[in-house]
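Sequence first, then the predicted structure, then my questions.
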Amino acid sequence: MKWWLDFSSDAFIVAFFLYCASFISYAIAVGGKKWSNRKPAEHAARWGKIAFVLAAIGWLAHLTFFFTRWYGGGHIPTSNMYEFMTFLGMAIMFAFIVIYAIYRNMMLGAFTLPLVIIIIAYASVFPSEVQPLIPPLQSIWLKIHVTMAAAGEAFFAIGFAAALVQLIRVVDFTRTDKAGRRAQFWTEFSLYVIIVLVGFIVAVFAFRGAGYEAKFTQETVTIDDAGNALTSVGEVKYTLPPLVAPYNSETESFQSFMGIKKPLVEAPSWMNGVNAGRKLNTVVWSIIAGSLLYGLLRLIARKKLTAAINPHLSDIDPDDLEEISYRAIAIGFPVFTLGALIFAMIWAEIAWSRFWGWDPKEVWALITWLFYSAYLHLRLSRGWQGTRSAWLAVIGFLVVMFTLVGVNLVIAGLHSYAGV
Amino acid sequence: MGRYRKPVQYIILAVVLLIGGYAIGNSLFSKSVVLTKGDKPPGFRLADLNNEVHDMSDYEGKPLIINFWGTFCPPCRNEMPALQHQYDKWKGQGLELIGINLSEDKLTAESFIRQVGVNFPILLDKDKKTERKYGLKQYPTTFFIAPTGEIQEVVIGGVLTEEEIDKRIERLIQTKS
Amino acid sequence: MFQNTKCECGHQNPVGTVLCESCGKPLDEALLKDENALLEMRYDGVARRSQKANPHFVDRIWNFFSSVKIAVYLIVITLIGAAFGTILQQESTIINLTERSEFASYYKEQHGTFGVIYHALGLSRTYESWWFIGLLVMIGTSLVVCSLDRVLPLYRALSKQQVRKHLQFINRQHVVYSGELTQNKQEWLDRFAKELKRKRYRVWREDGALLAEKNRFSRWGPYINHIGLIVFLLAVLGRSIPAWHMDQYLTLYEGETRQIPGTNYYLKNDKFTIDYYSDEELASNQKGTKVVKLYETKARLYECTDVCDDPTREPVLTEVKQHDIRVNSALAYKGLKVYQNSFQEKVRFISVHPTLKDKVSGTDIGSFDLKMNQPAEEYKLGEYALRLIDYYPDFGLDEQTRPMTKSRDPNNPAFVFRIAGPGIQDQGEVYVYFAMPSEKSKYYETILNESFKQRGDNSGRFSIQVDNPIVDGQMNNIEYSAFTTYLNIRMDRAMPYVWVGAAISMIGLIMGFYWQHRRIWLRIDGDKLALGGHTNKNTYGLRADVAGALGKTGIAVDPKTLDNRRNVR
């Protein structure tokens, strides 16, 4: 069993590097068209093909990772955050291959692969060891519900990727009026947000690699059923240098970082969730690392990132992208409905005795569904096609990601065992 | 088709109004289990210490006090003598008083009753069934039920003094059925 | 505003018609102005059912719900409202509180001022609030009205389509082709029709004009989906009918049988078992912690068949079902379901098996079973008789130092016996017996028996005790329950309808999203060929269909050039 699990993690690393190679090839395909002494169309087709083949092989390695882990771990690897996010990455690749088979649009790969790479790198932030299943998860519905829901979300991710390309493609940098500037700002901002997420991953791995650790003891006051205030002291471990200490805490150990020997500020008292201080610290670090990364890229490009990418997209038709985005969402919507709502209800009925209990995760799945329903209805009218519907597709995927990750980190509830 | 348009519209809107009204009404007036003044007390059928069955309906049209008590509850124990005194005083005027024991063993209830010298009927609840129907939160809880069959007052917790009981019985008796 | 609804082809259209129902010529003023703009093909350009020249009061309400714009607003408001409800814990998830005032103080203590505001606004009960239910009702209404207003005219329009359409109608579709036809007109049309038929189109022809159509059924998908959602919402509402719904919790220790309140059923917990993962099975960050592998209640369900309503007699029970209840495996019997909710590790005595000993002669007189729940009052041991005269399940003393029980649970059970038999004074001897083999209980036992002796109630000759109560940490001659199980009992008569609604909805979604209604209109005027194609989704696929069929019949076109949007821009 151990052998299978080791083999599985090797396959995962192979998949990760193949995805990276594929992304680089896509970048060459898109960016190198205007290189000297080659025909742009031929160049793009050739590198596009190489990139797709690399992505496809990467996906096979990813599948190998999945099934060997399943075999080695004894249960389907979709039971914690690490497993779910890697599965989501795999599902997005599947959705990408389906959509690519229909539309043969190369640009899609150039934007899907970085998304997949970020998602599986994000997955690696979480503990990757196989954990045995607790009783509520011991059900066939773990396989059915989680995989179906992820598949639906994967198509939404493709819709997001296509919409983002479309937005970058149609931004008009010559415009100086208010609406034009707003479009420029928000498109750039979307990229910035993605880079902050990369910054988070970079920061976590950099400090983990350096073996950084700081500890605090935190005093928390809870009020029990009888109304007595109970004080409990818990230990909070940081793996990123604490700029923000937990509320009401004492430093226990602190490795100094760049001359900082104690936390700069303490988290406010109203942030009283589990490990709220540490989460806030992580957010601060992500923004710092992301901003540094963004600044670096800006320095290299010497203009807005969207403006740097935009010229390379000139030969794609935004209408095609819009159609791809819409189609991906249209394919994903029934899958999502079935996997994330109906199967979820069936499982909830079996395990928790009620098909719907307004648990935060359930509510956010419903919100995602309502959001995409609104999107589909709005698209009926001409006024919401084009850029506006692209923005909806982008926001929709944000809602999806909040449902998957945000709810676990911020709100918790019954699904909290899917968390860190 | 056009001929039926109007009736169809009216019918659908009426159905919506009905069903929607029911749904919203349900959310506005969510029923609470706690009994209060003016409610009808739920029925019960329980055995007393002599294994005789008492039904709620046996007490229809009479001023009635139902006292829920248990030997494990000190205020319940302390209240018993006062209840017995008042029962002695008012039973001639038709007052009925029943003590419902809170699902204890018969022996436990019986030996306490013998000690205190209570002679009003003591009914034995089983499995907290009656207690639940009456939505009890604290012990003792005493229900004062007028001859009209409506709850006149619910006294939750605490020890009732003789005067307090007296005052309430007087009001009960005065209420015409 | 007066609008001429009569088309030049002579067809009289209802108010609100966008495209002539018969020939397809645009009627809407905006569409007439811009000759190049693509046609608005929603619902095939027919008027919505409720569009009228002079709306009446009821019509206005109807029109409100008939608008998709309003529907989208409702969806968006609902999703924002639902999101607000997830900011803080909902009241319904706080199990041990029930009163409004308790909740108010809970939110204040837990979340400070924000909690007070949140609770005061009623957001702590978002999903039960009148406004949220109201929104759902309005969405339901909108589903009915919107669908009805669109599906009927659409059905009429699609079932009596004209083959020959107005040239403007054809040339302003999303997918267009126009060119000279150099081949024989009839022959070409035959071949073209054959190609389309091969692609599963249904083809109609009318001298020099052609209409090809496929997957019309997918147009009904959204409406079937809406019907499913309405059934679903009604079923959910049906759960509020009291007789259709039951939800209660039952606490059972091992060996206990209890009636399920409000039913004729009794449930028994035979045994509760729990299993933890071994350290090898756990991940490294879990080692040393207790992770539950499995817990289950071995349960039996009984139905009362006789003496069900007589408090003086025990009911006659018949076993109807046996099941090991686990988290993902409920006991189900005739619509009644019993779920494993949680459990508590809690020792509770069920019975003990003590022995009556004669300390003087050093002999055992006999042993007997003593239950903690409704113990028998008489025990016969050889020549001796024991009579239980008092029982305190949880022994303690009240303010007047009278013995009492502190609770209804046998946490420290004390039994008072009167022993009668040979060589015993007439009124018998009184002994107290504590079942707990703990030092404290035995201390009480000794003191009390000593005081009885001083009062002359006993001679100290007898003792009641369990032999070897604890051997190797295991309790002996004592039957106890180690766990209390919490079961959730449910009945939901509306559930089948909920699933039916969900299934209908799913069928509609699949129909609507995985098939696309495609239509191709073609007319040949002289040697000029005009082709227009429309689909509600996936114009890409339609373009491929058209280009394929044209290519096979000798007109080579790149699918992309068929896209009319490009031409317009």
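Right, received. Where do you want to start?

From now on I want contacts and neighbour counts done on CA atoms only, so please keep to that.
OK.

what residues are up against the residue nearest to the spatial centre of chain B?
By C-alpha atoms, centre = their mean, the mean C-alpha position of chain B lies nearest to B:P41, the distance being 4.5 Å. B:P41 makes contacts with B:L35, B:Y134, B:G149, B:E150, B:I151, as judged by C-alpha atoms under 8 Å, 6 or more residues apart in numbering or on different chains.

Grab the longest helix from chain B for me.
Assignment by DSSP state H gives helix B:5-28 as the longest helix of chain B.

Any stretches of chain B with poor pLDDT?
B:1-3, B:30-33, B:176-177 (pLDDT under 70).

Greatest separation within the contacts of B:P41: which pair is it?
Largest separation among those by C-alpha to C-alpha: B:Y134 and B:G149, giving 14.8 Å.

So which of those two has more stuff around it?
Between B:Y134 and B:G149, counted using other C-alpha atoms under 10 Å in any protein chain shown, the more crowded position is B:G149 (20 against 17).

you'd agree that one is in a strand?
No: per DSSP: H, G, I helix; E, B strand; the rest coil, B:G149 lies outside any strand segment and is coil.

shouldn't it be in contact with B:E60?
Yes: taking C-alpha atoms under 8 Å as the definition, B:G149 is a contact partner of B:E60 at 6.6 Å.

I'd like to know which residues of the stretch 101-250 of chain C are adjacent to chain A.
C:E109, C:H111, C:G112, C:Y127 (C-alpha under 8 Å from any C-alpha of the partner chain).

Of the residues you listed, just the buried ones, ChimeraX syntax please.
To isolate the buried members of these in ChimeraX, using 16 or more other C-alpha atoms under 10 Å in any protein chain shown:
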select /C:111,127
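
pretty sure A:A301 is touching A:A308, no?
Yes: using C-alpha under 8 Å, A:A301 is in contact with A:A308, at 6.4 Å.

circling back to that earlier point, can you confirm the residue nearest to the centre of chain B is in a helix?
No: looking at B:P41 with three-state DSSP, it is coil, so not inside a helix.

ok, back up a step: now the longest helix of chain B: buried residues?
B:Q9, B:I12, B:L13, B:V16, B:G20, B:A23, B:I24, B:N26, B:S27.

how about the third one, what does it touch?
Residues counted as contacts of B:L13 (C-alpha under 8 Å, 6+ apart) are C:W62.

Would you mind stating the distance between it and C:E187?
Counting by C-alpha to C-alpha, to the nearest Å, the gap from B:L13 to C:E187 is 56 Å.

Next: the last one.
With distances taken as C-alpha to C-alpha, B:S27 is found 69 Å from C:E187.

so the residue in chain C sticking out farthest from the centre, which of the three states?
Residue farthest from the centre of chain C, counting by C-alpha atoms, centre = their mean, is C:G423 at 69.6 Å. When classified by three-state DSSP, C:G423 comes out as coil.

and it, how far is that from B:T130?
Taking C-alpha to C-alpha, one finds C:G423 at 47 Å from B:T130.

Verify the stated contact: C:L233 with C:T141.
No: using C-alpha under 8 Å, C:L233 is not in contact with C:T141, being 10.6 Å away.

These two - which one has more neighbours?
Remark: of C:L233 and C:T141, C:T141 carries more neighbours, 23 against 19, as counted by other C-alpha under 10 Å.

just checking, what packs against the particular helix or strand that has the more buried one in it?
For C:T141, the element it lies in under DSSP states H and E is helix C:130-159. Applying 3 or more C-alpha pairs under 8 Å, 6 or more residues apart in numbering or on different chains; DSSP states H and E, one finds that helix C:130-159 contacts helix B:5-28, helix C:57-66, helix C:68-84, helix C:221-238.

residue contacts, A:V196?
A:S286, A:I287, A:A289, A:G290, A:S291.

and it, what element?
With DSSP H and E as criterion, A:V196 is part of helix A:178-209.

Return the backbone torsion pair for C:A212.
phi -120, psi 140 (degrees, to the nearest 10).

What is the three-state secondary structure of the closest residue to it other than its chain neighbours?
In space, not counting the residues next to it along the chain, C:A212 is nearest to C:V203; the distance is 4.3 Å by C-alpha to C-alpha, 6 or more residues apart in numbering or on different chains. Secondary structure of C:V203, reduced to three states by three-state DSSP: strand.

For chain A, what's the nearest residue on the stretch 301-450 of chain C?
Closest to chain A within the stretch 301-450 of chain C is C:N328: 4.5 Å, counting by C-alpha to the nearest C-alpha.
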